[in-house]
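Engineer: Sequence first, predicted model second:
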Amino acid sequence: MVISNSPDEYYEKLPSTEKRVVDDWNERRPVLLQSMVSKLIGDLRDESVPERKSNPYVKTLVKTFHRDHRAASTQASAELTVWRVSDDQFDLLKEGTVLRMKNLGIKEKSRDGFLQLRAGPETVMVPLSEDSKRQLARSGYEERRPKSLIKINLMSKKMDSCRLSNEVDVVACVAQIRQLDDNSTAIYLTDETGLALKLTRNHNASNTDPFQIGNAKTQIVVSFCNIQITAFDEIEQCATGTWGLFSCKTNRIDSRHEELVLWCRSPCGADTIGAVRSRLEAGIPVIGGLSNRHQISIGYILAVLEERGCNDFQRITAAIDYGETMPLFAEFPLHLIQRTLALLQSNELREFAQRVDLRDTPSLNAYFLNNQKLLHFSFEVVCCYGGDSSTLRITQVSLANVDALSRLLMT
């Protein structure tokens, strides 16, 4: 039977002798708890810290060495992983060093097209004589040095299929940084030529400085290693590259770096970088022009027309006022019509843009007429079969950057 639910009430009903026992316990309890906690802490300190077991390794790309320069075209590449690498082995694994290795292991499966070699403390590595270094140059080895943007643009246009041949180092000036979405950012690099390289990197959404350049965003010189060059961008008219697993930013300070720093700070450098930035923001390629397959235009949508296209398919065509006597006509895909409506919409017309029938040309024409904005269009040339003439198809639509266009016009 419970005498009381309240500790205080129960304590008051105890005889004096039992009260003294409770009071004595309340006084000793904090001391006992403190002593027990101190003992546990001491026991933890006496225990040995668990040792983390790991095997150090070095991973490097290697090529077969040919004494006969005529066999250089048959060179094969492999990925070499050296486990529990020794100091002597690490000192030998330098770029451009010719080694004879014994006791290598080979994995059954290749990765990314590369043969997988495995080495360890038992692997014997012997450097070859100085005479072999001359043969090394004849066998196709190039000492690591930054590629010029002229060379990188040519590589991007040629697009060699070999990953190693498209992996370069670059030293250049930052013209612009553009966040593509939450997980990718592009940096545009340029130099005295006015050519550009667009380097894209994927990253976590929390990474606000993926290229590690700090608060200064433009007109600074950066050095990047192991950048993977990709296909030339016909619309932006620049070489492109991606940030790979082995890509990194370096603190390289050499004569080229110092030369670019002086150029960036000069009036000529500031004007060139500003012109490149304006060209990119305006979306107007100046250097090299566009290929025969791509075109761009700045203008207003006058009307949309429904007509019969190639192979008798119904299509919607846009009439664009681009500053000439006659408008420009181009095929207008449905998904881009929806995007264009979203670009032009105001808060009052938001519901209309969402519920409009994309094939109701009178409604579309009324909407475009009442919501005129200067637009940037990208086109591709579409060839029709059966004798029909080529037509233009809109591939991208965005709001024109009027400020950048004005700056570009003044340069």
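Structural biologist: That came through, no problem. Model, not experiment: these values are computed from the prediction.
Engineer: C-alpha from now on. contacts and neighbour counts both.
Structural biologist: Will do.
Engineer: need the helices for the stretch 201-350 of the chain, in chain order.
Structural biologist: Per DSSP state H, counting those that start in this stretch, the stretch 201-350 of the chain carries helices over the ranges 255-265, 267-282, 334-344, 350-355.
Engineer: Next, format those as a markdown table and append mean pLDDT, distance to residue 146 and mean neighbour count.
Structural biologist: Below are the helices of the stretch 201-350 of the chain laid out as a markdown table (pLDDT from 0 to 100; distance: least, CA to CA, whole Å; neighbours: other CA atoms under 10 Å):
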| stretch | mean pLDDT | distance to residue 146 | mean neighbour count |
| --- | --- | --- | --- |
| helix 255-265 | 89 | 9 | 15 |
| helix 267-282 | 86 | 20 | 20 |
| helix 334-344 | 83 | 41 | 16 |
| helix 350-355 | 54 | 50 | 14 |
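Engineer: Quick one: the ones you listed as TSV, columns for distance to residue 58 too.
Structural biologist: Shown next, in TSV, are those (distance: least, CA to CA, whole Å):
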stretch	distance to residue 58
helix 255-265	29
helix 267-282	40
helix 334-344	49
helix 350-355	56
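Engineer: Of those, give the one that comes closest to residue 316.
Structural biologist: helix 334-344 (7.9 Å; CA to CA).
Engineer: pull the helix or strand with minimum mean pLDDT from the chain.
Structural biologist: Here the helix or strand of the chain ranked lowest by mean pLDDT, DSSP states H and E is helix 350-355, holding a mean of 54.
Engineer: ok, then the element right after that helix?
Structural biologist: Per DSSP states H and E, the first helix or strand lying C-terminal to helix 350-355 is helix 361-370.
Engineer: Please identify the buried residues of the helix or strand that comes right after that following helix?
Structural biologist: The helix or strand immediately downstream of helix 361-370 is strand 375-382, counting by DSSP H and E. Within strand 375-382, the residues that count as buried by 16 or more other CA atoms under 10 Å are 375, 376, 377, 378, 379, 380, 381.
Engineer: So the third one sits against residue 340, correct?
Structural biologist: No - between residue 377 and residue 340 no contact is recorded; they are 10.5 Å apart, counting by CA atoms under 8 Å.
Engineer: Now the common contact residues for these two.
Structural biologist: Shared contacts of residue 377 and residue 340 (CA atoms under 8 Å, 6 or more residues apart in numbering): 397, 398.
Engineer: What distance do you get for the residue nearest to residue 210 when sequence neighbours are not counted to residue 95?
Structural biologist: Counting by CA to CA, 6 or more residues apart in numbering, residue 203 is the residue found nearest to residue 210 once chain neighbours are left out, at 6.8 Å. Distance, residue 203 to residue 95, using CA to CA, to the nearest Å: 29 Å.
Engineer: neighbour count winner among those two?
Structural biologist: Ranked by neighbour count (other CA atoms under 10 Å), residue 203 and residue 95 place residue 203 first, with 16 against 13.
Engineer: contacting residues for residue 284?
Structural biologist: Contacts of residue 284 by CA under 8 Å, 6+ apart are 236, 296.
Engineer: following the longest helix along the chain, which helix or strand comes up?
Structural biologist: Across the chain, the longest stretch assigned as helix under DSSP state H is helix 16-46. Later in the chain than helix 16-46, the nearest helix or strand by DSSP H and E is strand 57-63.
Engineer: Can you give the strand pairings for that next one, parallel or anti for each?
Structural biologist: Applying DSSP bridges, strand 57-63 is found paired with strand 77-83 (antiparallel).
Engineer: Averaged pLDDT, the strand it pairs with. What do you get?
Structural biologist: The average pLDDT within strand 77-83 is 86.
Engineer: Output the very next helix or strand once past that strand as PDB - backbone C-alpha positions only.
Structural biologist: The helix or strand immediately downstream of strand 77-83 is helix 87-92, counting by DSSP H and E. Output in PDB follows, covering the C-alpha atoms of helix 87-92 (Å, rounded to 0.1, in the frame of the first residue of the first chain):
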ATOM      1  CA  ASP A  87      60.500   6.500 -49.300                       C
ATOM      2  CA  ASP A  88      62.900   5.300 -52.000                       C
ATOM      3  CA  GLN A  89      60.000   4.300 -54.300                       C
ATOM      4  CA  PHE A  90      58.200   7.600 -53.700                       C
ATOM      5  CA  ASP A  91      61.400   9.500 -54.700                       C
ATOM      6  CA  LEU A  92      61.600   7.600 -57.900                       C
END
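Engineer: So which elements touch helix 87-92?
Structural biologist: Where contact means 3 or more CA pairs under 8 Å, 6 or more residues apart in numbering; DSSP states H and E, helix 87-92 is packed against strand 124-127.
Engineer: helices and strands around the strand it packs on, which ones?
Structural biologist: helix 87-92, strand 99-102.
Engineer: list the buried ones in the shortest one?
Structural biologist: By neighbour count, and taking 16+ other CA under 10 Å as the criterion, the buried residues in strand 99-102 are residue 99.
Engineer: What pairs with that strand, parallel or antiparallel?
Structural biologist: Strand 99-102 has the following strand partners under DSSP bridges: strand 124-127 (antiparallel).
Engineer: send the alpha carbons of the partner strand over as PDB?
Structural biologist: C-alpha atoms of strand 124-127 as PDB (Å, rounded to 0.1, in the frame of the first residue of the first chain):
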ATOM      1  CA  VAL A 124      62.100  -3.500 -57.700                       C
ATOM      2  CA  MET A 125      62.300  -0.100 -59.300                       C
ATOM      3  CA  VAL A 126      65.500   0.800 -61.100                       C
ATOM      4  CA  PRO A 127      66.000   4.200 -62.900                       C
END
